[in-house]
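Novice: give me a 3D structure for the following:
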Amino acid sequence: MADNPNIRGQEDRQRIDVHQEHELRYWSEKFGVTPDDLKEAIDAVGPMVEDVEQRVRGRGSRRQ
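Specialist: Numbering: from 1, shown residues only. Model (predicted):
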């Protein structure tokens, strides 16, 4: 299902959609990384906020 930026449900708070410009901008700023760094972290560990945060903070590992 496509993400609607006007609807902020539980799923939106747990998953990062890098195809949505507002989410890419928000999470990049929140984690203090560039959008490219955020995309690399998501490629490595998947889109779940908790996993991405651990990755950008240096505690995550590659997804298998």
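
Novice: list the contacts of the residue nearest to the spatial centre of the chain.
Specialist: Of all residues in the chain, the one closest to the mean position by Cα atoms, centre = their mean is Ile16, 3.6 Å from it. With contact set as Cβ atoms under 8 Å, 6 or more residues apart in numbering, Ile16 has these partners: 23-24, 27, 38, 42, 47-49, 52. Quick note: C-beta positions are derived from backbone N, CA and C, even for glycine.

Novice: go on, Phe31?
Specialist: Contacts of Phe31 (Cβ under 8 Å, 6+ apart): 38, 52-53, 56-57.

Novice: okay, those in JSON lines with pLDDT, neighbour count and distance to Gly32 next?
Specialist: Rendered in JSON lines, the data for the contacts of Phe31 read as follows (pLDDT from 0 to 100; neighbours: other Cβ atoms under 10 Å; distance: Cβ to Cβ, whole Å):
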{"residue": "Leu38", "pLDDT": "96", "neighbour count": "23", "distance to Gly32": "10"}
{"residue": "Val52", "pLDDT": "96", "neighbour count": "23", "distance to Gly32": "13"}
{"residue": "Glu53", "pLDDT": "95", "neighbour count": "17", "distance to Gly32": "11"}
{"residue": "Val56", "pLDDT": "93", "neighbour count": "22", "distance to Gly32": "8"}
{"residue": "Arg57", "pLDDT": "89", "neighbour count": "12", "distance to Gly32": "10"}
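
Novice: looking at those, which are in strands?
Specialist: Residues of the contacts of Phe31 located in strands (DSSP state E): none.

Novice: in helices only, show me the residues you listed.
Specialist: 38, 52-53, 56 (DSSP state H).

Novice: which pair in those has the greatest spatial separation?
Specialist: Leu38 and Glu53 (10.4 Å; Cβ to Cβ).
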